[in-house]
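> I need the structure of the sequence given here:
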Amino acid sequence: MSARAFPARWPIRAGRTLAAYPLLSVGLMLIVVFALAQPRFLTGANLINVLIQASVLLIAATGMTYVVLTAGIDLSVGALMFLAVAAISAGLTAGLPPVLLVLAIPVLTLLLGTFNGAVVAKARVPALIVTLAMLQVFRGVGGHLTEQRSLVLSADVRFLGYGDIAGVPRPVLVAAVVVAVGAYVLRRTRFGRQVQALGSNPSAAKNAGLNVGRVEIAVYAVSGLCAGIAALVQLGRLGAVQPTLDIGFELTVIAAVVLGGASLSGGRGGVGGTALGALILVIVENGLVLSGASPYIFDIVRGAVLLAAVITSGLPDRILRSVRPRGEVMSPDPSI
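Next up, the predicted model:
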C-alpha cells in the first residue's frame, strides 16, 4: 500500500483514554484533601501559583507525549533545557540581541531534538541509550558555556515567563497554547494519526506505507521544540541559570505523561491526559509544600508513579487478549 493510501483513521489500541476520568477523580480528591489540611491551598493566589508552577512541566510533557506514543523515550529533555538557558547566557555575554536569542533557542532545541531522532531512526540505536548519552553531552556543553556559575540574566529575555496579558499570567497562556496545539495536531492531523499508528502497530504501519523513520525523527524534534519553549518560560520565571538547573526534570516529565494514561509500550495516551497528569503532580508538590512536609516525599511519589507505570504499562492490552475469543486475530486496520 502506498503512503498516499495511509488510512485517514487508524484504530488505536483500547485503553487509550481509560485514565482520563479516574485522573479527574484523583485530582478532585487531592484538592479536597489538601484544602482540608491547609486552608491556604484553595485561595485564588495559590491556585494561580499552581498553574504557573505547572506551565513549564505542561509544555515539556506535551512534547514527551509524542515520543512516548511511539514507544520511545527522551531522557535528554532536562539537560536540553539547561543548554538552552546556558546558550542565552553565552549569547548575551557575546552581545547578541536578546530578541534574536529568544527566537533562536526553539530553533536550536528543535535541531538538537531532530538529531536525537535521526540517531534513533537511522542508526537504530535504542532511544534510551541515545538520549541518555545526549543528556550528558547537553549538560556538559551547558556547563562549559556557563563555566558552572550561577548567572542572573536580563529582563529582555524573560518576557515569556513573567507578567500577564488581560490578567492571565503569561506562562499559563504559553502553556495553554502549546497544550492546545499539541492536542489538535495529535487528534486532527495526518501526522498525529501517523504517530499513533506507529506506536499501536509498527509493522502494520510500515506495511501501510508509513515512513517510520521520518515519523520517529519528527517526534523527537517536537520534544526538542517543546523543551526550548519550556526553557524560555522557565528562564522568565527564574531570571537566572544555575549549574543544577533541571537535573532530574526529565523524570518528572515522563511521570506526568505516564500518569496521564500513556503506555510506555506506545500507542496509548494523549495530550489531554498528560496535562491532567502534570497538574496532579504539581498539585501534590504544592500541597506538600504548604503542609510543611519533607520535599523528598515528592521524589517518592514521582518514583512510585514511574514504577507503577512500568508494571502496568501493558495491562489493558493483556486484559483484552485474555477476553478475546481464541483464534480471533485483530487486524490493525480493516482496509489493509
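
> Quick check: closest non-adjacent residue to residue 297.
Nearest residue to residue 297 in three dimensions, chain neighbours excluded: residue 288, at 5.6 Å (C-beta to C-beta, 6 or more residues apart in numbering). All C-beta atoms are positioned from the backbone trio N, CA, C, and that covers glycine.

> go on, residue 51?
Closest to residue 51 by C-beta to C-beta, 6+ apart is residue 172, at 4.8 Å.

> can you check residue 206 too?
Residue nearest to residue 206 in three dimensions, not counting chain neighbours: residue 212, with 5.2 Å by C-beta to C-beta, 6+ apart.

> repeat for residue 141
Computed as C-beta to C-beta, 6+ apart, the closest residue to residue 141 that is not its neighbour in sequence is residue 83, at 5.7 Å.

> What separation do you get for that neighbour and residue 108?
Look at residue 83 and residue 108: by C-beta to C-beta, to the nearest Å, they are 8 Å apart.

> more crowded one of these two?
residue 83 (31 against 19; other C-beta atoms under 10 Å).

> rewinding a little: tell me the contacts of the residue nearest to residue 51?
48, 51-52, 55 (C-beta atoms under 8 Å, 6 or more residues apart in numbering).

> so what secondary structure elements neighbour the host helix or strand of residue 204?
Secondary structure from DSSP states H and E places residue 204 in helix 202-207. Other helices and strands packing on helix 202-207, by 3 or more C-beta pairs under 8 Å, 6 or more residues apart in numbering; DSSP states H and E, are helix 190-200, helix 212-238.

> what's the least confident stretch among the ones you listed?
When these are ranked by mean pLDDT, helix 190-200 comes last with a mean of 92.

> other SSEs contacting that one?
helix 44-69, helix 170-188, helix 202-207, helix 212-238.

> how many other residues sit next to the residue nearest to residue 297?
Residue 288, neighbours per other C-beta under 10 Å, totals 19.

> Buried residues, the one helix or strand it maps to. List them.
Secondary structure assigned from DSSP H and E places residue 288 in helix 271-290. Across helix 271-290, burial judged by 16 or more other C-beta atoms under 10 Å covers 271-288.
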